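*Asks:* Sequence first, predicted model second:
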Amino acid sequence: MTKKIVITGIGATSPLGGTARDSWNALLAGESGARTLEHDWVAEYDLPVHFAAPAKVRPEEVLERPVAKRLDPSSQFALISAMEAWADAGAPDIAPERLGVDYATGIGGIWTLLDAWDTLRERGPRRVLPMTVPMLMPNAASAAISMHFEARAFARTVASACASSTESLANAYEHLQLGLADVVIAGGSESAIHPITLASFSSMQALSKRNDDPAHASRPYSVDRDGFVMGEGAASLVIETEEHALARGARIYAELAGGAVSADSYHITANDPEGRGASRAVLDALAQAGATPDEVTHINAHATSTPVGDIAEYTALHSVFGDRVHEIPVSATKASTGHLLGGTGALEAVFTVLALESRLAPPTINLTTQDPAIPLLVSGEPQPLGDGPQVAISNSFGFGGHNAVAVFRSV
């Protein structure tokens with residue numbers, strides 16, 4: 001028998017705010033988290049891109065120092081968002097063996113890894129910190145969350161590039177359906193605003209180079225889009241069976257109705273231009289949710305603001321929804337937050353859940369002249385979703401041809 005899976009807690013620390021609600025309010029207000037970087041290393045390495053979208057609230061402002069010093073920034077953000085989500089869910093009283101963690105990252109502890117390499121080269125092996133490997137490993141975030149909340153059912157990690165944290169939601173859905181846990185903390189985190197990643201993404205012409213205007217650099221669907229803006233942060237969701245949530249009197253934000261993944265098997269960085277893998281993920285996720293394309297009332301698109309990627313996603317959506325896709329309110333929230341890589345799907349899931357709760361599709365800022373090849377229903381202002389039942393999808397696609405889609409239903 002299929003169980004109903006619901007979301008009872010949300011948390012986020014993002015370029016727009018230090019909490020989920022602060023991030024959502026800034027998103028609705030049309031704010032941008034992108035700004036010029038003030039680090040000395042921007043000039044030292046003569047980087048071609050001088051801006052990004054750093055988290056608005058630094059983790060050291062939230063975590064106690066003994067905790068923070070043993071975690072890479074990516075794990076710090078993860079723990080902060082999970083703590084908020086757990087408190088928002090009412091801190092469920094649950095046996096540790098029935099609490100699981102499904103978490104994600106695209107890159108992991110890159111700051112720890114490269115700082116340790118610098119230490120080794122400059123000061124020798126004896127000065128490399130003994131906690132280096134536990135801090136840099138990709139599963140460090142899920143481990144930190146598991147230990148903090150004594151989650152002993154499992155602590156699993158997904159690393160599927162920019163599809164990672166949406167895949168963690170699909171996994172959480174399946175693990176709850178299988179009865180492996182009653183409650184799961186799911187989400188994703190990334191902290192990769194580093195000289196090596198900025199240089200690498202710049203070399204592949206993936207980043208916007210609007211150094212003179214960071215706040216307007218990410219412009220999905222605009223004819224003059226020129227790449228994405230690197231972001232950082234984390235988002236977490238407390239997900240549980242409806243039976244468990246109702247038994248403890250929990251507030252329910254929305255139903256996590258289904259999720260699916262697929263692979264393009266096309267190119268290591270480029271999307272399949274026909275969108276075949278992406279469209280299959282959408283259809284499979286809707287099928288798992290027991291929903292049809294005609295029921296979808298909102299789409300949170302991957303929409304990174306790259307010239308090729310935005311069109312490939314439109315092609316995939318059109319193959320699923322037909323011309324009706326032009327009537328569905330679409331939000332491209334990376335225009336405001338930048339691209340959180342492995343953490344982006346979880347943040348956009350939080351935004352999708354809040355869109356259903358408030359019956360408002362968040363705005364897509366910086367859309368000057370919409371590309372006629374992408375005639376989606378996009379607005380620079382929040383779009384009302386109506387009063388009836390709502391079904392929304394959130395798309396995430398990543399290097400390696402990874403596609404992940406989550407489906408949410410209003411309650």
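*Replies:* The structure has been received and is ready for your questions. Numbers count the residues shown, from 1 in each chain.
*Asks:* tell me the phi and psi of Phe397?
*Replies:* phi -130, psi 140 (degrees, to the nearest 10).
*Asks:* give me the beta-bridge partners of it?
*Replies:* According to DSSP bridges, the partner residues bridging Phe397 are Asn403.
*Asks:* residues in contact with it?
*Replies:* Contacts of Phe397 were listed using CB atoms under 8 Å, 6 or more residues apart in numbering, and they are 162-163, 271, 278, 302, 309, 313, 403-404. Any C-beta I mention is one placed from the backbone N, CA and C, and that applies to glycine too.
*Asks:* what's the closest of those to Arg58?
*Replies:* Minimum separation from Arg58 among the contacts of Phe397 (CB to CB) is found for Cys162, which lies at 23.5 Å.
*Asks:* could you pull out the helices for the stretch 301-411 of the chain?
*Replies:* With DSSP state H, counting those that start in this stretch as the criterion, the stretch 301-411 of the chain has helices at 307-321, 334-337, 344-358.
*Asks:* Tabulate the ones you listed (JSON lines), appending mean pLDDT.
*Replies:* As requested, the helices of the stretch 301-411 of the chain are exported to JSON lines (pLDDT from 0 to 100):
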{"stretch": "helix 307-321", "mean pLDDT": "97"}
{"stretch": "helix 334-337", "mean pLDDT": "98"}
{"stretch": "helix 344-358", "mean pLDDT": "98"}
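*Asks:* Point out the most buried one among the ones you listed.
*Replies:* Ranked by mean neighbour count under mean count of other CB atoms under 10 Å, the helices of the stretch 301-411 of the chain are led by helix 334-337, which reaches a mean of 30.
*Asks:* Can you name the residues in contact with it?
*Replies:* By CB under 8 Å, 6+ apart, the list of residues contacting helix 334-337 from outside reads 14-16, 23, 26-27, 30-33, 53, 218-220, 228-229, 231, 233, 302-305, 344, 347, 362, 364-367.
*Asks:* Where do the helices of the protein begin and end?
*Replies:* All helices of the chain, identified by DSSP state H, fall at 20-28, 40-44, 65-68, 73-88, 110-123, 132-136, 140-149, 164-177, 195-203, 242-247, 276-289, 307-321, 334-337, 344-358.
*Asks:* Looking at the ones you listed, which is nearest to Glu327?
*Replies:* The minimum distance between Glu327 and those falls on helix 307-321, with 8.8 Å, by CB to CB.
*Asks:* packing partners for that closest one?
*Replies:* If you count contacts as 3 or more CB pairs under 8 Å, 6 or more residues apart in numbering; DSSP states H and E, helix 307-321 packs onto helix 276-289, strand 391-398.
*Asks:* Looking at the ones you listed, spot the one closest to Pro48.
*Replies:* Counting by CB to CB, Pro48 lies closest to strand 391-398 out of the helices and strands packed on helix 307-321; the figure is 23.3 Å.
*Asks:* Now do that closest one, average pLDDT.
*Replies:* Along strand 391-398, the predicted confidence averages to a pLDDT of 98.
*Asks:* what separates it from the chain centre, distance-wise?
*Replies:* Taking CA atoms, centre = their mean, to the nearest Å, the mean C-alpha location of strand 391-398 is offset from the chain mean by 10 Å.
*Asks:* mind listing what's buried in it?
*Replies:* Applying a neighbour-count criterion of 16 or more other CB atoms under 10 Å, one finds 391-398 buried in strand 391-398.
*Asks:* Check stretch 35-48 too.
*Replies:* By neighbour count on 16+ other CB under 10 Å, the buried set for stretch 35-48 is 35, 37, 42, 47.
*Asks:* so can I have TSV of those residues showing pLDDT and distance to Phe408?
*Replies:* What follows is the buried residues of stretch 35-48, written out as TSV (pLDDT from 0 to 100; distance: CB to CB, whole Å):
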residue	pLDDT	distance to Phe408
Arg35	98	31
Leu37	98	34
Val42	97	38
Leu47	97	38
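*Asks:* Name the nearest residue to the most centrally placed residue in the chain, sequence neighbours excluded.
*Replies:* Central residue check for the chain by CA atoms, centre = their mean: the C-alpha nearest the mean position is that of Thr344, 2.0 Å away. What sits nearest to Thr344 in space, not counting adjacent residues and going by CB to CB, 6 or more residues apart in numbering, is Cys162, at 5.9 Å.
*Asks:* Just the terminal-to-terminal distance for stretch 398-406.
*Replies:* 15 Å (CA to CA, to the nearest Å).
*Asks:* which residues sit in contact with the residue nearest to Met204 when sequence neighbours are not counted?
*Replies:* Nearest residue to Met204, sequence neighbours excluded (CB to CB, 6+ apart): Thr269, at 6.7 Å. Residues near Thr269 by CB under 8 Å, 6+ apart: 204, 206, 399.
*Asks:* In PyMOL, select just the buried ones from those residues.
*Replies:* Isolation of the buried members of the contacts of Thr269 (16+ other CB under 10 Å) is achieved in PyMOL through the command below:
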select buried, resi 206+399
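*Asks:* between the contacts of Thr269, which is closest to Gly108?
*Replies:* The shortest distance between Gly108 and any of the contacts of Thr269, using CB to CB, involves Phe399 and amounts to 14.4 Å.
*Asks:* could you measure the closest one against Ala163, distance?
*Replies:* Computed as CB to CB, to the nearest Å, the Phe399 to Ala163 distance reads 9 Å.
*Asks:* Show me the two of the contacts of Phe397 that sit farthest apart.
*Replies:* Maximum pairwise distance in the contacts of Phe397, criterion CB to CB, is 15.0 Å, between Gly309 and Ala404.
*Asks:* follow-up on the earlier one: quick check: which of the helices of the stretch 301-411 of the chain is nearest to Ala170?
*Replies:* Relative to Ala170, the nearest member of the helices of the stretch 301-411 of the chain by CB to CB is helix 344-358, separated by 9.7 Å.
*Asks:* Next, the angle helix 164-177 makes with the closest one.
*Replies:* Relative orientation of helix 344-358 versus helix 164-177 (axes from the mean of the first three to the mean of the last three CA atoms, to 10 degrees): 70 degrees.
*Asks:* For helix 344-358, what is the distance to the chain centroid?
*Replies:* The chain centre lies 9 Å from the centre of helix 344-358; the measure is CA atoms, centre = their mean.
*Asks:* Then stretch 265-281?
*Replies:* Distance of stretch 265-281 from the chain centroid (CA atoms, centre = their mean) equals 19 Å.
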